[in-house]
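Q: 3D, please:
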Amino acid sequence: MLQEEKNNNFEEDSIDIIALLKKIWFARKTILKLSTVFLFLGLFVAIFSKNQYTASTTFVPINQGKSSAGNLSGLASLAGINLSGAASDAKISPELYPEIVSSIPFQMELLNTQLTIEGQEKPISYREYYTAVYSPGLLANLKKYTLGLPSIILSALKSDSSEEKIGFEENQMIRLSNEENDLIGQLEKQLVLGVNAKEGFITISATLPEAAASADLALKAQTLLQDYALKFQTQKSMEELSYLEARFQEKENEFNSIKIKLARFQDQNSAINTALGRTTLLQLQSEYNLVFAVYSELAKQLETQRLQVKKDTPIFTVLKPVTIPSEKAAPKRALILVIYLFLGIVLSVGYVLAKDPLQNILKELKATS
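A: Numbers count the residues shown, from 1 in each chain. Here you go, the predicted model:
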């Protein structure tokens, strides 16, 4: 009995599948027409999409660390310099690089990147390119004034002050205009940072409509990121070095002054027979010895700190330098055609299968109402 019920269910399922296939076959012209429409739509998108070029670079930040300090400590100890207390923990975390790239000061500097644009006599800034030179093309304008029309209306209704954003740069505020805010939003989409914390390498890629411009932007981002990382990692040791240099200069002047004063007194009093003269000489020699001791100690500390700055300074090894791309990264026209054709087939088949059930549902709703 149970076996008969299973056979009946299997036959019903088979009948349903056959019926659906028949339905699709009888509506093949409709499916073909809709799929052709989507195919031409995909062809339109593929033809009028602007070419995009991607330039990238990969580099490894190397911290000299303990091994460097260990090699230097033996030589430094011969000069009376102690590096054991000069260790620094100011190692930049890989997670900090994305924060640097997304910071307002970093992005504002990128807006001033000089780009090589075809047809321009000299390089122009990223800001100038997208505000005065760049043309988005037919497809982008069509999308902007159809799908993007509501956002355009909303942004026009809002006042300029409500759209401005405020960033911070070393205890001072930066107020962004609407134009700068839009440019930064676009820049965030075009510039991609990849951090491989496990392997320790960093990848930067820039995608722009111009091949040479994408390489310019990637190179500028790499240089700027390395400068920010260098400043962050050496900031503390550089401040200590500046302080020691200032104190050393003060003591050096003081030491030179007492040295000349002592020499002049000895020249003027070559034969000292009075107690006052011997006391004055003793006082000058004591002052000289004290200043010399402090001066010598500061000289050792200054040299130690100079070595520490070199130790804290990261070395960036470029694994993949920036090159001007010779092939476009987008659009992939063949892939666009395949996707639109597949989408057309799926939607047209779905329309054919759902058409009758939807009509029946609507009829029932009208009948009940």
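
Q: buried set for stretch 358-366?
A: Within stretch 358-366, no residue counts as buried by 16 or more other C-beta atoms under 10 Å. Quick note: C-beta positions are derived from backbone N, CA and C, even for glycine.

Q: Correction: the previous question concerned stretch 23-43.
A: Applying 16+ other C-beta under 10 Å to stretch 23-43 flags 27, 31, 34-35, 38-39, 41-42 as buried.

Q: Next: stretch 265-283.
A: Within stretch 265-283, the residues scored as buried using 16+ other C-beta under 10 Å are residue 265.

Q: got a list of contacts for it?
A: When contacts are taken as C-beta atoms under 8 Å, 6 or more residues apart in numbering, the neighbours of stretch 265-283 outside the stretch itself are residue 284.

Q: distance between it and the chain's centre?
A: How far stretch 265-283 lies from its chain's middle: 69 Å, per C-alpha atoms, centre = their mean, to the nearest Å.

Q: I'd like the average pLDDT over it.
A: Averaging pLDDT along stretch 265-283 gives 80.

Q: before we move on, what about stretch 207-217?
A: Averaged over stretch 207-217, pLDDT sits at 94.

Q: Identify the residues contacting it?
A: Taking contacts as C-beta under 8 Å, 6+ apart, the residues outside stretch 207-217 that touch it are 50-55, 110, 113-118, 123, 126, 129, 134, 190-192, 206, 322-326, 329-330.

Q: Among those, which lie within strands?
A: In strands, defined here by DSSP state E, the members of the contacts of stretch 207-217 are 53-55, 114-115, 191-192, 206.

Q: Same list, those, but as TSV with distance to residue 180 and neighbour count please.
A: What follows is the ones in strands among the contacts of stretch 207-217, written out as TSV (distance: C-beta to C-beta, whole Å; neighbours: other C-beta atoms under 10 Å):
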residue	distance to residue 180	neighbour count
53	24	21
54	24	19
55	24	23
114	18	16
115	17	23
191	16	21
192	21	16
206	19	27
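
Q: Which pair of the buried residues of stretch 23-43 spans the longest distance?
A: The most widely separated members of the buried residues of stretch 23-43, counting by C-beta to C-beta, are 27 and 42 (21.7 Å).

Q: Wait, residue 251 touches residue 297, no?
A: No - under the criterion of C-beta atoms under 8 Å, residue 251 makes no contact with residue 297, lying 9.1 Å away.

Q: Neighbour count: these two, which is higher?
A: Summary of the neighbour comparison: residue 251 and residue 297, criterion other C-beta atoms under 10 Å, with residue 251 having more neighbours (17 against 13).

Q: host element of the nearest residue to that one once chain neighbours are set aside?
A: Leaving aside its sequence neighbours, residue 251 sits nearest to residue 295 (C-beta to C-beta, 6 or more residues apart in numbering; 4.6 Å). Taking DSSP states H and E as the criterion, the element that holds residue 295 is helix 275-312.

Q: cool, residue 195 as well?
A: Under DSSP H and E, the secondary-structure element containing residue 195 is strand 191-196.

Q: Note down every partner strand of that strand and its orientation.
A: Strand pairing for strand 191-196, using DSSP bridges, gives strand 201-208 (antiparallel).

Q: Which helix or strand lies directly C-terminal to the partner strand?
A: helix 211-268.

Q: Compute the inter-axis angle for that following helix and strand 201-208.
A: Between the axes of helix 211-268 and strand 201-208, defined by axes from the mean of the first three to the mean of the last three C-alpha atoms, to 10 degrees, the angle is 130 degrees.

Q: Residue 57 belongs to a strand, doesn't it?
A: Yes - under the criterion used here (DSSP: H, G, I helix; E, B strand; the rest coil), residue 57 sits inside a strand.

Q: can you list the weak-confidence ranges in the stretch 101-250 of the chain?
A: By pLDDT under 70, the low-scoring segments of the stretch 101-250 of the chain are 137-172.

Q: so what's the backbone phi/psi at residue 326?
A: The phi and psi torsions at residue 326 (degrees, to the nearest 10) take the values phi -100, psi -20.

Q: typed the wrong thing, it's residue 273
A: phi -110, psi -10.

Q: picking up where we left off before, please indicate which of the contacts of stretch 207-217 are buried?
A: Of all the contacts of stretch 207-217 considered here, the ones buried according to neighbour count by 16+ other C-beta under 10 Å are 52-55, 110, 113-117, 126, 129, 134, 190-192, 206, 322, 325, 329.

Q: what about residue 208, neighbour count?
A: Other residues near residue 208 number 27, with proximity taken as other C-beta under 10 Å.

Q: Quickly list the domain ranges of this structure.
A: Listed domain ranges for the chain are 32-49+331-346, 53-320 (source: automatic domain parsing).

Q: As a markdown table, those with distance to residue 19 would be great.
A: Formatted as a markdown table, these follow (distance: least, C-beta to C-beta, whole Å):
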| stretch | distance to residue 19 |
| --- | --- |
| domain 32-49+331-346 | 20 |
| domain 53-320 | 38 |
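
Q: how about those, which one is nearest residue 360?
A: Closest to residue 360 of these is domain 32-49+331-346 (C-beta to C-beta; 21.8 Å).

Q: Pull up the distance across the closest one, start to finish.
A: From its first residue to its last, domain 32-49+331-346 covers 11 Å (C-alpha to C-alpha, to the nearest Å).

Q: what's the distance between that domain and the middle of its chain?
A: 34 Å.

Q: Could you find the closest non-adjacent residue to the most centrally placed residue in the chain?
A: Residue closest to the mean C-alpha point of the chain, counted by C-alpha atoms, centre = their mean, is residue 101 at 3.2 Å. When the adjacent residues along the chain are set aside, residue 101 lies closest to residue 193, with 4.9 Å between them (C-beta to C-beta, 6+ apart).

Q: Residue 202: neighbour count?
A: The number of residues packed near residue 202 is 24, by other C-beta under 10 Å.
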